[in-house]
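>>> Got a predicted model here, sequence first, then my questions.
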Amino acid sequence: MEEALNVPIAARIERLPSSRYLGLLLVLIALGTFWDSYMLFSIGPISAHFFAFLKQKQLATELPLALFLGTFVGAVALSTVADKIGRRNAFTLDLCILAIGDLAAVFSPNATFLLVALFVAGVGTGAELPLSATFIQELSSARKRGRMTSLQLAIGFLGGTVGGFAALFLVPVTSLPLPGFKIALLLAAIGGFSSLLLRLGLPESPRWLERVGRRDEADRVMTAIEHRVMAEKGIAALPPPVTIEYDIVSKVPLTLLVSGRYLRRTLSAWLIELFQGFGAYGFTTFVPFVLYSRGYSIVHALEYTAIIQIAYPVGTVISAYVTDRLQRKWGMAILYTLNMLVGLGFLFANSVPLIILFGFLTEMLIFLDGPLLHTYEAEIYPTSVRGRGAGISFALSRLGGFLAPLVAGLLLAVNRSGGALIGAAAAAWLFCALVAAVLAVDTTNITLEELETVDR
């Protein structure tokens, strides 16, 4: 092949055609997000079970609190590790911690041990989403980056739907040797360990290898990817690489995130992540509790919640077809505004059909917003600091999720139906729309390397 070590990795990635092999890598990367979503979006029904059946009211907020605190810690700590040990190794570490935490939760002898175990599981799951977005973007061309990220998230967020239905059918079960909620957690532990085995087939990110000075290894990995794609396509050579010039800087200080052209980018990502995390996780986690508080039985509340959670993959599949067609900045502004409006519709819905309709639309828009935001928060940073940049931004989303149970406790003291919490979520989405319109920058269809050199 004509490639030599002086041909940038980015130029070789830009010319790759779509292929089943790249699709396989996408699926393997998405597995971590799948179990992350499974945990995050089954914790609400599990907490509602404690409140309704076990009469342990405090656990309705303490269980999500422990999980989200862990995800915040994990998003910051493990994303930083990813820039040092590589994307694939960081994924392996994440899944091990997630599976160990879930396994400990299954055998927890008391509530205190359960809370600690969920915190550990949260640490493992905390960095999965930003790492998955970072990894898939570093394997994607500029023209397909948004769609690849959205498809990866569509598979990953399917875990939320599976978690919702697992909670519906398993959480109320009390006739088995293990309580139903522990069986739901056991599934996550098994899934984490099995996904770990499947991920052994993942290559390391060649963009990351290049940036840390391992150029020979980056060339070998990139050449292996090219050979797989050419063999699948039945072609002897790929088109000549496009001309992309950029400086390979292996060490970038973390202060870059809040200096120069990156300050505006960072502020936009941080503010949107914090407030959308509060809105999204607050809404999703407490829908079962809100419905139960309105007078629906816990069984009906879990049924309606499971139906609403079908919106997770629906939203992300739709996003796969619009993410690269919408400018990320204005797409987020429009979608968060719509999110606010349908969230208010859910708040004022007074019949089961309307509750399910507006709940479905609210969740669907959450998962339309998400791929745009998670694509944006990774692509705005250089490769050498992308893991840390995306991870810290996403950590603020988990901080928002952590704050939601705290705020919920205060708001539920004023409004037992949970209406004030839904209203607060709607206000958070409106704020996200304003930040996107005013602070966010244009990124669509620009290579990652070009984004490092432009002021916008």
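Happy to help now that I have it. Owing to the predicted nature of the structure, the values given are computational and were not obtained by experimental measurement.

>>> Any buried residues in stretch 91-101, and which?
91, 92, 93, 94, 95, 97, 98, 99, 100, 101 (16 or more other CB atoms under 10 Å). In this view, the C-beta of every residue, glycine as well, is placed from N, C-alpha and C.

>>> which one of those residues sits closest to residue 354?
residue 98 (36.7 Å; CB to CB).

>>> correct me, but the closest one touches residue 121?
Yes - between residue 98 and residue 121 there is a contact under CB atoms under 8 Å: 5.5 Å.

>>> so where's the stretch 1-150 of the chain uncertain?
Within the stretch 1-150 of the chain, the segments meeting pLDDT under 70 span 1-6, 41-61.

>>> just so I have it, where are all the helices in it?
With DSSP state H, counting those that start in this stretch as the criterion, the stretch 1-150 of the chain has helices at 9-14, 20-52, 59-85, 87-106, 111-126, 128-138, 145-170.

>>> helices or strands next to the third one in the packing?
By that I understand helix 59-85. If contacts are counted by 3 or more CB pairs under 8 Å, 6 or more residues apart in numbering; DSSP states H and E, helix 59-85 sits against helix 20-52, helix 87-106, helix 111-126, helix 128-138, helix 262-293, helix 383-414.

>>> Distance to residue 428 added to those helices, as CSV?
Formatted as CSV, these follow (distance: least, CB to CB, whole Å):
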stretch, distance to residue 428
helix 20-52, 17
helix 87-106, 27
helix 111-126, 20
helix 128-138, 19
helix 262-293, 4
helix 383-414, 8
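
>>> Give me whichever of those helices is most buried.
helix 128-138 (a mean of 30; mean count of other CB atoms under 10 Å).

>>> rewinding a little: with the buried residues of stretch 91-101 in mind, which one is nearest to residue 85?
residue 93 (7.8 Å).

>>> Report the angle between the helix or strand harbouring residue 421 and helix 383-414.
According to DSSP states H and E, residue 421 maps onto helix 419-438. Helix 419-438 and helix 383-414 are oriented at 150 degrees to each other (axes from the mean of the first three to the mean of the last three CA atoms, to 10 degrees).

>>> and the closest residue to residue 427 other than its chain neighbours, how many neighbours?
Leaving aside its chain neighbours, residue 427 sits nearest to residue 340 (7.6 Å; criterion: CB to CB, 6 or more residues apart in numbering). By other CB atoms under 10 Å, the residues close to residue 340 number 22.

>>> same check, this time on the one 10 residues further on
Close neighbours of residue 350, defined as other CB under 10 Å, add up to 7.

>>> sec struct for it, please.
Secondary structure, DSSP: H, G, I helix; E, B strand; the rest coil: residue 350 is coil.

>>> Backbone dihedrals for it, please?
phi -120, psi 20 (degrees, to the nearest 10).

>>> I'd like the distance between it and residue 295.
Distance, residue 350 to residue 295, by CB to CB, to the nearest Å: 12 Å.

>>> Spell out which helix or strand contains the residue lying closest to residue 154 once chain neighbours are set aside, please.
Sequence neighbours aside, residue 316 is the residue nearest to residue 154 in space, at 3.6 Å (criterion: CB to CB, 6+ apart). Secondary structure assignment for residue 316, by DSSP H and E: helix 311-322.

>>> Contacts for that helix next, please.
The contact list for helix 311-322 (CB atoms under 8 Å, 6 or more residues apart in numbering) reads 37, 41, 147, 150-151, 153-158, 160-161, 331, 359-368, 370-372.

>>> and if you look at stretch 19-37?
16, 91, 94-95, 98, 125, 128-129, 131-132, 135-136, 139, 148, 151-153, 155-160, 162-163, 188, 191-192, 195, 198-199, 201-203, 225, 228-229, 232-233, 312.

>>> tell me the contacts of residue 169?
residue 180.

>>> confidence score at it?
Listed pLDDT for residue 169 reads 78.

>>> re the thing from before, which pLDDT value goes with the residue nearest to residue 154?
pLDDT at residue 316 comes out at 78.
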